[in-house]
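1. Provided below for reference: sequence and predicted model.
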Amino acid sequence: MFTTFERQLFRQFLLVNGIYLCVILGLFTIIDLFDNVDDFVNHPDGRGVLGLVIRISSYYGRMGMFIFDSAALPMIAISALTVLLLCKRRGQIKPFLSAGIPTYRVLVPPLLLGAGVMIGLKMANRELFLGNAVHHLHASRGGGEKTLHMIAPRYDHASQILIDGWAVYPESRTIEKAAFVLPPEVAGQDMVCLRAEKATFYPRQGQRPSGWLLNQVHPPLSEIPLTEMGRMFVVASRQPENIFVVSDVSPDLIYKAKESSSFLTTVQLVDRIQSPAIDRNTARDLEFNLHSRVIEPFLTALMVWLAIPVVLQKESRGMIVNAGECGFWLFLIIGSTYAARFLPPLQVAEPVQAAWIPLFFATPITIWMLDRVES
């Protein structure tokens, strides 16, 4: 059971995290809105000022989920530093030390529990909300479902079908003026380009595979001599003028795929890594993101454990010096998580190895610092 002081420290840690989160979201909203308010004004919905306020609140509310996911780790580290500095400034640790209670016994349980709560909120945010709302990350301000992005053509490596078009609408999962190029292994004697005014993506549901429904296709399916392999990937629809192309290449993979992959749910990451439709380079990025999520709770615990002996040193040269040194080490650890992302593209390390490097870097530093704590 937590003591009164530990409960107070736990609440204080969560309160500081909440304050920092409000500051981050507020600064982002004010700065971004100051530069881009015209984007909201130029998309009227007929409801006047009320509609404008609703559109602004809706947009920055959704963006807040992505900001929280990205800023959670640095925010936890800074909050732990702040709480420890407040404890030292108020002299709250001295009475416990005088009673023979170790510093770690007093500070570690509430701080680790608070960090666990914040990591749990981040995981819940990603698994429940962000995975199905990745398109909001690149949505235009006030544009709604009319937001479009230019397509980066991508092969489905399971069928070798090239998916292309004029533009993709992420929120409605549609491609305008779609062009799907079927290779000879699918179309028979020669390559065939399926053209449609619109193609809509449908995710896997039950026994139905995921894929694209092409409306008003030319040429019609009756004119394509599909091979046995082709009949697995190109399926007739109930309407003869439509064709369903089986594919795991979803809309977010044909525009800004790398930026979106960090916010997918864990189940989506695993499914894409195992999917034969995904190319090896994309799968490597997904493997890095998956392993980064595995080590994140352990890395957070190490940073909290590291902050205690650095801030509460035996031979302290002052709170400002201790805070600066602690910030330096925490900055190095957090910076290593971002630097590790550049190692796989440079072929310095495999994605799995690169994802674990920050943990291997932080562990010896933390152990080295343990004996410096005031006790």
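-> On my side now, so go ahead.
2. quick check: longest strand of the protein.
-> Using DSSP state E, we find that the single longest strand of the chain is strand 192-202.
3. Mind checking what helix or strand follows it in sequence?
-> Moving toward the C-terminus from strand 192-202, the next helix or strand (DSSP states H and E) is strand 211-215.
4. Paired strands for that next one, with orientation please.
-> strand 192-202 (antiparallel), strand 243-246 (antiparallel) (DSSP bridges).
5. Please spell out which residues along the longest strand of the chain are buried.
-> Val192, Leu194, Arg195, Ala196, Lys198, Ala199, Thr200, Phe201 (16 or more other CB atoms under 10 Å). No exception for glycine: its C-beta is placed from N, CA and C like everyone else's.
6. what bridges to the second one?
-> Judged by DSSP bridges, the bridge partners of Leu194 are Phe180.
7. That one contacts Ile243, correct?
-> Yes: using CB atoms under 8 Å, Leu194 is in contact with Ile243, at 6.5 Å.
8. Quickly list what's touching both of those two.
-> Leu214, Val217 (CB atoms under 8 Å, 6 or more residues apart in numbering).
9. Report the spatially nearest residue to the spatially most central residue of the chain, omitting neighbours in sequence.
-> The chain has Phe263 as the residue nearest its centroid, 2.6 Å off, counting by CA atoms, centre = their mean. Closest residue in space to Phe263, ignoring its immediate chain neighbours: Leu130 at 4.4 Å, by CB to CB, 6 or more residues apart in numbering.
10. From Thr265, how far off is that neighbour?
-> Using CB to CB, to the nearest Å, Leu130 is found at 7 Å from Thr265.
11. out of the two, which sits in the busier spot?
-> Leu130 (22 against 17; other CB atoms under 10 Å).
12. is it true that the residue nearest to Phe263 touches Gly64?
-> No: between Leu130 and Gly64 there is no contact under CB under 8 Å: 11.2 Å.
13. ok, now which ones touch the nearest residue to Pro219 once chain neighbours are set aside?
-> Nearest residue to Pro219 in three dimensions, chain neighbours excluded: Val192, at 7.0 Å (CB to CB, 6+ apart). Taking CB under 8 Å, 6+ apart, we find Val192 in contact with Val181, Leu182, Pro219, Ile224.
14. TSV please, covering those and showing secondary structure, neighbour count and distance to His149.
-> Shown next, in TSV, are the contacts of Val192 (DSSP: H, G, I helix; E, B strand; the rest coil; neighbours: other CB atoms under 10 Å; distance: CB to CB, whole Å):
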residue	secondary structure	neighbour count	distance to His149
Val181	strand	18	20
Leu182	strand	24	24
Pro219	coil	12	28
Ile224	coil	18	29
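15. which one among these gets closest to Thr3?
-> Closest approach to Thr3 among the contacts of Val192 (CB to CB): Val181, at 67.8 Å.
16. Name all residues that make contact with the closest one.
-> So Val181 contacts Ile161, Leu162, Asp164, Met191, Val192, Cys193, Leu194 (CB under 8 Å, 6+ apart).
17. what does Arg105 give?
-> Applying CB under 8 Å, 6+ apart, no residues contact Arg105.
18. So which bits of the helix or strand encompassing it are buried?
-> Element membership for Arg105 (DSSP H and E) is helix 103-128. Using 16+ other CB under 10 Å as the test for burial, helix 103-128 gives 103, 106-108, 110-112, 114-115, 118-119, 121-123, 125-126.
19. So which residues of the stretch 251-375 of the chain form strands?
-> For the stretch 251-375 of the chain, no strands are identified by DSSP state E, counting those that start in this stretch.
20. Quick one: end-to-end length of stretch 166-177, please.
-> 5 Å (CA to CA, to the nearest Å).
21. Many thanks, have a good one.
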